[in-house]
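Participant: My questions are about this predicted structure, shown below with the sequence.
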Amino acid sequence: MLICVPSLDDGGLDAPVSGHFGRAPNYSLVDTDSDSVEVIDNDGRHHGGSGSPPQIVADTGADALVCGNLGQKAVERFDALDIEVYCGAEGSVRDAVEAFEDDDLDRATPDGSHCSGHGDGGHGDGGGHDHDHDHGDGHSH
């Protein structure tokens, strides 16, 4: 299974999970079958690119997104792309993958059972609002 985790720093298993999916500098792709890791740069809208972060993840072939939180619109976008979303990840990418494998994360669904309680904190649709949830990921404009 190919799991995508929004990550900080240079990505990889030891990188912290990013608190903001759409603003993560990169996505760490963990193949649980081969134990390999690939880091993909986020060149989406929040970083001056034109793509949507959900489409960037879909283009990697990921089966699931594992994140801290994600807004309802982004959950709906991932559902339309056939990518399952699991929330509640924290710590490192390695910790997030282990929590996923241990079934310790909440599955977000487009029926309103989503992750954040922060509205569209995942910025999956480029919603245009700018705020800080104080996750220490250093994003500011």
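Facilitator: Alright, I've got the coordinates. Numbering: from 1, shown residues only.
Participant: Need the phi and psi values for the residue of the chain most remote from its centre.
Facilitator: Using C-alpha atoms, centre = their mean, the residue of the chain lying farthest from its centre is S34. It sits 21.0 Å away. Note on S34: its backbone torsions stand at phi -110, psi 0 [degrees, to the nearest 10].
Participant: Can you tell me how far it is from G91?
Facilitator: 23 Å (C-beta to C-beta, to the nearest Å). To be clear about C-beta, it is placed using only N, CA and C from the backbone, and glycine gets the same treatment.
Participant: what ranges do the strands span in the protein?
Facilitator: 2-7, 26-31, 36-41, 64-67, 84-87, 106-108 (DSSP state E).
Participant: What I need now is the ones you listed written out in CSV, including mean pLDDT for each item.
Facilitator: Putting the strands of the chain into CSV (pLDDT from 0 to 100) gives the following:
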stretch, mean pLDDT
strand 2-7, 98
strand 26-31, 97
strand 36-41, 96
strand 64-67, 97
strand 84-87, 96
strand 106-108, 93
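Participant: Those into CSV, with extra columns for distance to G19?
Facilitator: As requested, the strands of the chain are exported to CSV (distance: least, C-beta to C-beta, whole Å):
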stretch, distance to G19
strand 2-7, 8
strand 26-31, 14
strand 36-41, 18
strand 64-67, 9
strand 84-87, 12
strand 106-108, 16
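Participant: Mean neighbour count for those strands - can I get that in a markdown table?
Facilitator: Listed next are these as a markdown table, based on neighbours: other C-beta atoms under 10 Å:
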| stretch | mean neighbour count |
| --- | --- |
| strand 2-7 | 27 |
| strand 26-31 | 23 |
| strand 36-41 | 15 |
| strand 64-67 | 27 |
| strand 84-87 | 22 |
| strand 106-108 | 19 |
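Participant: Looking at those, spot the one closest to G51.
Facilitator: strand 36-41 (11.1 Å; C-beta to C-beta).
Participant: Show me what the closest one packs onto, helices and strands only.
Facilitator: strand 26-31 (3 or more C-beta pairs under 8 Å, 6 or more residues apart in numbering; DSSP states H and E).
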